[in-house]
Structures are given as structure tokens and as C-alpha cells.
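A.B. asks: here is a sequence together with a model predicted from it:
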Amino acid sequence: MTKLRGKLYPLAPWAAGVLIGLMGTPAGAVDLKNADGSWTFSIAGNVNVHYIYSKCEDSNPSIGPGGGLACVGTASGSSVSNVGNGLLPAAFTFGVATTQGGYDLSAHLGLFPGIATNNGGSPNLQGNPAPTNTALGTTGLDVRQVYMTFGNKDMGTFLFGRNFGLFGFDAIINDMTLPGVGGAGSASGPSPANTTLGSIGLGYIYVDTLAQMDYTTPDFSGVNFTLGIFDPINALAGGAGTPAGKKAPGFHGKVAWTAPISDTMKFYGSATFITQKQNFDTGATTSYSYNGTGFDVFARIDVADFEAFAYYYHGSGLGTTGLFIRSADALGNTRDSDGFLVQATYKVGQVKFGVNYGESKLDLANAADDPTLVSKNRKVTGGVYDSLTKNLTLLAEVTEVKSDAHNGNTNKSTNFNVGAFLSF
């Protein structure tokens, strides 16, 4: 199973452990075979829990609804404590794989339960319209992945189903806060969701899970290409009228290059694109549409125990934080966005020390656009990650987030977290 996913999302070898965490299939997963050995059944996952303390801005400067990612205090105070998942929810994943007629076949189902009390709606969209973190509640369950793959090393591999997209994938998969918390997000409020922000909206747009049909080429001396279509998704927090059916799917693609330089030095680079058209009906006979497009580039270098990467993205009509969120104004005029994330880590024995810094910017559509629209979200995180055993990591992070609006309003917050990440 892991081998097939490696073909579809070609990564440098050092990224395998992080990929495993995001996909919910860490090293040490249980593999079972049927009587004749023709099928392999795998079970894997993780559980992570963190105490998250947030110190929010005392005042409440006006930044467009939901756009600023720094938390803001209320009349009752500016300090918030929560216990919950971090950037990743817990994961329990199941897979089957076999080889028939020279083709490698697999199917995968990923279940992602959280530990936050969430008894309604999306487990990642808490507190709307009212807080749901109350007694007699339960936790939510994500079904983020259900897909099949087929192919071989000579013809390449096809992936059909719901899985992580291509745009922004390498940024989140290499984010050191993946097993941790990073930006606290909803964990700084009364109704925490099952995931925090990490660096989402603070250096990259969330990759998201998409219904898709992709083809990845065989490996050409360390280079792979992936092209595919995905189910077009509707824009949020921008645009008037009713989302209409899309006339064409979304398209995305990726090129990735892995280059071992020496026994102690490795390089990995990638570039992706994404494009999709949005359609809205504003009346019985009136409508408008706009194109959302974006690209990103990623480069990572490993030198012995030192690792560093740089990531940049740019979009037009693509939005910020999530795909097509605040991507246009109420008339369909598109907003440009861009951002970057840089990171460096160094490992001493079983302990890794790291720091990353990211920014995500969103431009006004034109001079008539909302001046309280968020202009920039940025953050810096410092973290310590102790691999106590092969499968258990203890960690602590400190993150400072700052948000700006186009009219000059600003607010900032700081959050601290300590917790554990267990993979199996």
C-alpha cells in the first residue's frame, strides 16, 4: 500500500514518515495476508492529544468575518485552554492490495475520528451558529479518503476516488507542526474542531481532499509527472447568488524531482498547478463566472541531521486559507493571493528542534472591495519533538500569529501546546 501511494505522490525518501502521518499509515502498520498470499490487508493509524493554551488579543479590531487567523479575546477574558487533536485528527485506515495480471491493485479507506465534542455538522466546522462543546455530546468522524489505484512500474499508476489533492500537498506534508498544533485556530475558542491550523492560511492554502481521477507517470531518473481532474468545489465567503453546476471539472498537475546528492545530502523539488471555473446564478436569467487558478513551487534540502525547505504559492480567484475561500467579491471580481513558508530543523539524537515562518496574503479585488478584508495572516512557530520510541513522539510548540486588514486594523495572538503523537 505504501509503495503505491509513493508512486502517486512522489516524495523524497526522508518525507516518507511525514507522508505516513498525513495519510494515516505510519511505519509499523499491521499487514495481514489471505490464505494463498494473493491479497494483503493493512491496518494503520495514529492518535494524538495536546493541551493548547492561547493568549488572545484583548481588543477586537475589525477584520472581515472569519478572515483573521489570530484569536481575539471577549468580555470574559483573553486566555483560552483546550485539550484536543492537533493539525491531524486521529486516524484509523484500512487497505487491501494485490497483483493480478501484472497490475498492482489497491483500495483504501481512511477514517479520521477526533476527540473534540462535536455532535453536529462537519467535524471541522464547529461553533456555527452556536457552540456545541456541551455535555452529552460525542466526537465527529471524518471519512477523508476512499480510493483505488491500479498500474505498475512500467505504465505508471492511476488513482480514482477521494484523496488529498496536489496543490499545497508538499507544504503541509513537510510542515514540522503536522504531528503537533501550529496555529491553534478554533482551539482558541469555546468550540474546538477536530483539527488546528498548523500553517494552513499561514503560509499555504489547505490541500484538501478531493474526488479525483489522476494518472502518475513511471519514474524517469527521479522525475514523476501527475495529471488529473477533480470534482469542482463551490466558492465560499465571496460571491453573490447561488452556486451553479459546473460545466467542466477542475484540473491539477504536478512535477516532482528526487535527487540524492550524496550519502548524507538529498534534494527534493516540485511544482504544481490548479485551475477551476466557478459559476453562480444571480437570478432566473442572470449569472456570472470566474476562473480560479494557482501554482506553487517547493524545494527541500537534507544535509545529515539538518533539514530545510522553502515553499511559495500564487493564486488568482483561488482565495486564502482554503480552496476558493474569499476568492472573489460579491460581483465575481477575483482576488489575487500569494504566500510562502520557510522551515529549518535540526536533530540531536532522538530530539528534533525546528522553526518555521509563513505568510498568506490576499489582495482586494478592486478599490470598491471591503476594506476590512484580511490582507495578511502570518505566524512563526518554534517546536521541540522528542522521539521517545519508534512510534511515540512527545512535543511542545510555541506559535505567534498576527493578522492584518487592508484598512490597517491588526491583531495578534500566541498559543502554546504540549502533547503526544502515537502512530501504529
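C.D. replies: That came in fine, so what should we check first? Residues are numbered from 1 along each chain as shown.

A.B. asks: in this structure, what helix or strand scores lowest on average pLDDT?
C.D. replies: Lowest by mean pLDDT, DSSP states H and E among the helices and strands of the chain is helix 2-8, with a mean of 33.

A.B. asks: spatially central residue in this structure, please.
C.D. replies: Centroid-nearest residue in the chain, with Cα atoms, centre = their mean: residue 206, separated by 4.1 Å.

A.B. asks: phi first, then psi, for it.
C.D. replies: Residue 206 adopts backbone torsions of phi -60, psi 130, taken as degrees, to the nearest 10.

A.B. asks: that one touches residue 168, doesn't it?
C.D. replies: Yes - counting by Cβ atoms under 8 Å, residue 206 touches residue 168, with 6.6 Å between them. C-betas here are computed from N, CA, C, even on glycine.

A.B. asks: contact partners for residue 410?
C.D. replies: 61, 63, 402-404 (Cβ atoms under 8 Å, 6 or more residues apart in numbering).

A.B. asks: which strand residues bridge it?
C.D. replies: Beta-bridge pairing of residue 410 under DSSP bridges involves residue 404.

A.B. asks: what's the separation between it and residue 68?
C.D. replies: Residue 410 is 9 Å from residue 68, where distance means Cβ to Cβ, to the nearest Å.

A.B. asks: shared neighbours of these two, which are they?
C.D. replies: Joint contacts of residue 410 and residue 68 (Cβ under 8 Å, 6+ apart) are 403-404.

A.B. asks: which stretches of the protein form helices?
C.D. replies: In the chain, the segments counted as helices under DSSP state H are 2-8, 16-23, 169-174.

A.B. asks: any idea what residue 160 is bridged to?
C.D. replies: Counting by DSSP bridges, the residues bridging with residue 160 are residue 148, residue 213.

A.B. asks: next, count neighbours for it.
C.D. replies: By the measure other Cβ atoms under 10 Å, the count of residues near residue 160 is 16.

A.B. asks: pretty sure it sits against residue 147.
C.D. replies: Yes - Residue 160 lies in contact with residue 147 (Cβ under 8 Å); the separation is 6.4 Å.

A.B. asks: any idea how far residue 312 is from residue 202?
C.D. replies: 14 Å.

A.B. asks: scratch that, residue 268 is what I was asking about
C.D. replies: Distance of residue 268 to residue 202, computed by Cβ to Cβ: 22 Å.

A.B. asks: who has more neighbours, those two?
C.D. replies: Set side by side, residue 268 and residue 202 show more neighbours around residue 202, with 32 against 24, by other Cβ under 10 Å.

A.B. asks: how much space is there between that one and residue 124?
C.D. replies: 17 Å.

A.B. asks: now swap in residue 423 and tell me
C.D. replies: Counting by Cβ to Cβ, the gap from residue 423 to residue 124 is 21 Å.

A.B. asks: and residue 220, how many neighbours does it have?
C.D. replies: With other Cβ under 10 Å as criterion, residue 220 counts 9.

A.B. asks: can you show me the strands along the stretch 251-400 of the chain?
C.D. replies: Secondary structure of the stretch 251-400 of the chain by DSSP state E, counting those that start in this stretch: the strands cover 265-281, 287-303, 306-316, 336-348, 351-362, 374-387, 392-405.

A.B. asks: output those strands as a markdown table; include the columns distance to residue 259.
C.D. replies: Formatted as a markdown table, the strands of the stretch 251-400 of the chain follow (distance: least, Cβ to Cβ, whole Å):
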| stretch | distance to residue 259 |
| --- | --- |
| strand 265-281 | 5 |
| strand 287-303 | 10 |
| strand 306-316 | 14 |
| strand 336-348 | 19 |
| strand 351-362 | 23 |
| strand 374-387 | 26 |
| strand 392-405 | 28 |
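
A.B. asks: export these as JSON lines, with columns for distance to residue 176 and mean pLDDT.
C.D. replies: Output for those, formatted as JSON lines (distance: least, Cβ to Cβ, whole Å; pLDDT from 0 to 100):
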{"stretch": "strand 265-281", "distance to residue 176": "16", "mean pLDDT": "96"}
{"stretch": "strand 287-303", "distance to residue 176": "12", "mean pLDDT": "96"}
{"stretch": "strand 306-316", "distance to residue 176": "9", "mean pLDDT": "98"}
{"stretch": "strand 336-348", "distance to residue 176": "6", "mean pLDDT": "98"}
{"stretch": "strand 351-362", "distance to residue 176": "4", "mean pLDDT": "98"}
{"stretch": "strand 374-387", "distance to residue 176": "6", "mean pLDDT": "98"}
{"stretch": "strand 392-405", "distance to residue 176": "9", "mean pLDDT": "97"}
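
A.B. asks: so residue 170 is in contact with residue 299, correct?
C.D. replies: No - at 9.4 Å, residue 170 does not count as touching residue 299 under the criterion of Cβ under 8 Å.

A.B. asks: of the two, which one has the most company?
C.D. replies: Taking other Cβ under 10 Å, residue 170 and residue 299 do not tie; residue 170 has more neighbours (31 against 16).

A.B. asks: chain neighbours aside, what residue packs nearest to the more buried one?
C.D. replies: Spatially, and ignoring its direct neighbours in sequence, residue 170 is nearest to residue 298 (4.2 Å; Cβ to Cβ, 6 or more residues apart in numbering).

A.B. asks: that neighbour - how many residues pack around it?
C.D. replies: Residue 298, neighbours per other Cβ under 10 Å, totals 24.

A.B. asks: thought it was touching residue 172?
C.D. replies: No - using Cβ under 8 Å as the test, residue 298 is too far from residue 172 to be in contact (10.6 Å).

A.B. asks: quick check: residue 380 vs residue 197, distance?
C.D. replies: For residue 380, the distance to residue 197 (Cβ to Cβ) stands at 13 Å.

A.B. asks: nope, residue 149 is what I meant
C.D. replies: Residue 149 is 30 Å from residue 197, by Cβ to Cβ.

A.B. asks: re the thing from before, overlap in contacts of residue 170 and residue 299?
C.D. replies: In contact with both residue 170 and residue 299: residue 311, using Cβ under 8 Å, 6+ apart.

A.B. asks: with just CA atoms, put stretch 149-165 into CSV.
C.D. replies: Included here for stretch 149-165 are C-alpha records, laid out as CSV according to Å, rounded to 0.1, in the frame of the first residue of the first chain:
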residue,chain,number,x,y,z
THR,A,149,-5.2,2.6,-7.5
PHE,A,150,-4.1,0.4,-10.4
GLY,A,151,-1.0,0.3,-12.6
ASN,A,152,2.7,-0.9,-12.5
LYS,A,153,6.2,0.5,-12.7
ASP,A,154,6.2,0.4,-16.5
MET,A,155,2.9,2.0,-17.3
GLY,A,156,2.5,4.3,-14.3
THR,A,157,-0.4,4.4,-11.8
PHE,A,158,-4.0,5.6,-11.8
LEU,A,159,-5.8,6.8,-8.7
PHE,A,160,-9.6,7.1,-8.7
GLY,A,161,-11.5,8.3,-5.7
ARG,A,162,-11.3,10.8,-2.8
ASN,A,163,-7.8,11.6,-1.7
PHE,A,164,-5.6,14.6,-0.9
GLY,A,165,-5.1,16.9,-3.9
